[in-house]
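Q: Everything below, folded, please.
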Amino acid sequence: MNDRINYADHMYRAMHRLIAGVLSEVAESGLPGDHHFYVTFDTRHPNTVVPSHLLDSHPEDMTIVLQNWFRDLNVDDSGFSVVLSFNDVPERIEIPFDAVTTFVDPAAEFGLSFEYVHTPKPDSEGATAAPMVEIETPAGDPSSNETGKVVSLDAFRKPSST
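A: Numbering: from 1, shown residues only. Okay, the predicted model is just below:
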């Protein structure tokens with residue numbers, strides 16, 4: 001057992017559960033009001049399923065929009081699948097939550113950004129790097145054009161002694 005609580009890892013998993021909860025609500029009830037989502041994900045993740053012709057034009061990452069037309073949105077603990085239209089052709093894609101790099105709902109001025117996608121690698125001393133999650137929140141008056149503040153988990157980490 002480690003002698004430290006890995007808060008960054010807990011936050012990383014909690015943000016994935018948040019995305020899963022929101023997408024589950026949308027799968028059951030549809031998108032309310034002006035809400036819509038931009039989801040960017042790593043197409044290289046081993047559990048991502050994307051048609052090969054789309055991978056040709058998006059070999060590293062891809063952004064999808066869940067807004068006007070999508071169907072068969074299914075969510076489970078590990079990720080989600082959805083049918084979207086690409087050049088007027090319906091295509092099913094599967095995205096594990098570990099592959100998601102950003103999740104944004106412009107109508108709510110809300111966004112999440114994940115620093116890494118895959119399991120972190122040990123550093124030179126054998127310690128595992130903690131995941132980093134950035135949370136974008138509205139700043140100031142919501143009617144203003146100010147951008148959201150990004151809160152990095154690095155701000156809460158204890159400095160390492162070298």
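Q: Show me what the helix or strand where Ala20 lies is packed up against.
A: Using DSSP states H and E, Ala20 sits within helix 7-29. Packed against helix 7-29 by the contact rule (3 or more CB pairs under 8 Å, 6 or more residues apart in numbering; DSSP states H and E) you find strand 71-75, strand 100-105, strand 110-114, strand 133-137. (C-beta placed from N, C-alpha, C; glycine too.)
Q: if you set the cut-off to 7 Å instead, what comes out?
A: The helices and strands touching helix 7-29, judged by 3 or more CB pairs under 7 Å, 6 or more residues apart in numbering; DSSP states H and E, are strand 71-75, strand 133-137.
Q: By mean pLDDT, show me the worst of those.
A: In terms of average pLDDT, strand 133-137 trails the rest of these, at a mean of 47.
Q: Which secondary structure element of this structure has the lowest mean pLDDT?
A: strand 149-152 (a mean of 44; mean pLDDT, DSSP states H and E).
Q: just to revisit the earlier point, can you give the strand pairings for the very next helix or strand once past the helix holding Ala20, parallel or anti for each?
A: Next along the chain after helix 7-29, taking DSSP H and E as the criterion, comes strand 37-42. Counting by DSSP bridges, the strands paired with strand 37-42 are strand 61-66 (antiparallel), strand 100-105 (antiparallel).
Q: Buried residues of strand 37-42, list them for me.
A: Within strand 37-42, the residues that count as buried by 16 or more other CB atoms under 10 Å are Phe37, Val39, Thr40, Phe41, Asp42.
Q: so the first one bridges to which residues?
A: Applying DSSP bridges to Phe37 yields these beta-bridge partners: Leu66.
Q: so what pLDDT did Gly33 get?
A: Confidence at Gly33, expressed as pLDDT, is 93.
Q: Nearest residue to it in space, please, no chain neighbours.
A: Nearest non-adjacent residue to Gly33, counting by CB to CB, 6 or more residues apart in numbering: Ala107, 6.6 Å away.
Q: Report the contact partners of Ala108.
A: Listed by CB atoms under 7 Å, 6 or more residues apart in numbering, the contact partners of Ala108 are His35.
Q: which stretches of this structure have low pLDDT?
A: 1, 115-162 (pLDDT under 70).
Q: returning to that earlier point: can you list the buried residues of strand 37-42 in JSON lines and add distance to Leu84?
A: What follows is these, written out as JSON lines (distance: CB to CB, whole Å):
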{"residue": "Phe37", "distance to Leu84": "12"}
{"residue": "Val39", "distance to Leu84": "10"}
{"residue": "Thr40", "distance to Leu84": "14"}
{"residue": "Phe41", "distance to Leu84": "13"}
{"residue": "Asp42", "distance to Leu84": "17"}
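Q: Brilliant, that's me finished.
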